[in-house]
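>>> Structure of the sequence below:
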Amino acid sequence: MRLVLASQSPSRRMLLEQGGVRPVLRPAHLDEDAVVATLGDVSPAETVAALARAKASTVVGEFPDDVVVGCDSMLLLDDELLGKPHTVDETVRRWKTQRGKQAQLLTGHAVAYRGEWVVDTVTTTIRFGDVSDADIEAYARSGQPLECAGAFTLEALGSWFIDSIDGDPTSVIGLSMPLLRRILYRFGLDASDFWQPQP
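Below you'll find the model as predicted:
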């Protein structure tokens, strides 16, 4: 039995590997905007959960006897749900809006095992630092935040700019390890079932 990660996120892969798991990587190729357009008027938590399930659904058929994990994260700032900025200019614009503010990072999780699904969302409060224009420009031009929900990471250069969080730090990085453990228990599995010997 293996753990399959329906994501190309290096941060999610890193979390699993640091937790002793060598995941099978099967990035989901998905038009996220098209998925969101089909949802109608749903809550932010339901939106990220639906995206996580859509990602896992793209690969679950290949792995009927393995655990398949899909995740999606978005930032809820001033009642607006924000995904990845993709460009330097958009990253700069977002940081000038969010600096000094508090927001919620929502990470949806969808886990499938032998036809059973558990779908849940973790919410963590982020307090952004009051960051200078020069640091915003330099961070955006580094490229690190361009493909990250909310235009930030807790690790690497982003560690300078997050004053505090209230909640699960692994969910902010992209995958809640405590939630994944609880989901595995619901399937009658243990986290240690997936640990690999370290080289």
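
>>> so where's the protein shaky on pLDDT?
Low-confidence segments of the chain, defined by pLDDT under 70: 198-199.

>>> Mind giving me the packing neighbours of the longest helix along it?
Longest helix in the chain by number of residues (criterion: DSSP state H): helix 44-57. The contact analysis (3 or more Cβ pairs under 8 Å, 6 or more residues apart in numbering; DSSP states H and E) places helix 44-57 against helix 32-39, strand 67-77, strand 102-113, strand 116-128. Glycine gets a C-beta too; all of them are placed from N, C-alpha and C.

>>> which one of the ones you listed lies closest to residue 181?
strand 102-113 (10.9 Å; Cβ to Cβ).

>>> How about residues contacting the longest helix of the chain?
Helix 44-57 has contacts (Cβ atoms under 8 Å, 6 or more residues apart in numbering) with 6-7, 28, 30, 32, 35-36, 39, 42, 68-74, 76, 81, 106-112, 117, 119-121, 123.

>>> Pairing partners for the nearest residue to residue 51 once chain neighbours are set aside in the sheet, please.
Ranked by Cβ to Cβ, 6 or more residues apart in numbering and with sequence neighbours excluded, the top spatial neighbour of residue 51 is residue 72, at 3.7 Å. Following DSSP bridges, residue 72 is listed with bridge partners residue 108.

>>> For the residue nearest in space to the middle of the chain, give its distance to residue 115.
Note on the chain: the residue nearest the mean C-alpha position is residue 174, at 3.0 Å, using Cα atoms, centre = their mean. Shown here: residue 174 relative to residue 115, a distance of 26 Å by Cβ to Cβ, to the nearest Å.

>>> Same question for residue 185.
In terms of Cβ to Cβ, residue 185 sits 18 Å off from residue 115.

>>> Would you agree residue 5 is in contact with residue 15?
No: contact criterion Cβ atoms under 8 Å: residue 5 and residue 15 do not qualify, at 9.7 Å.
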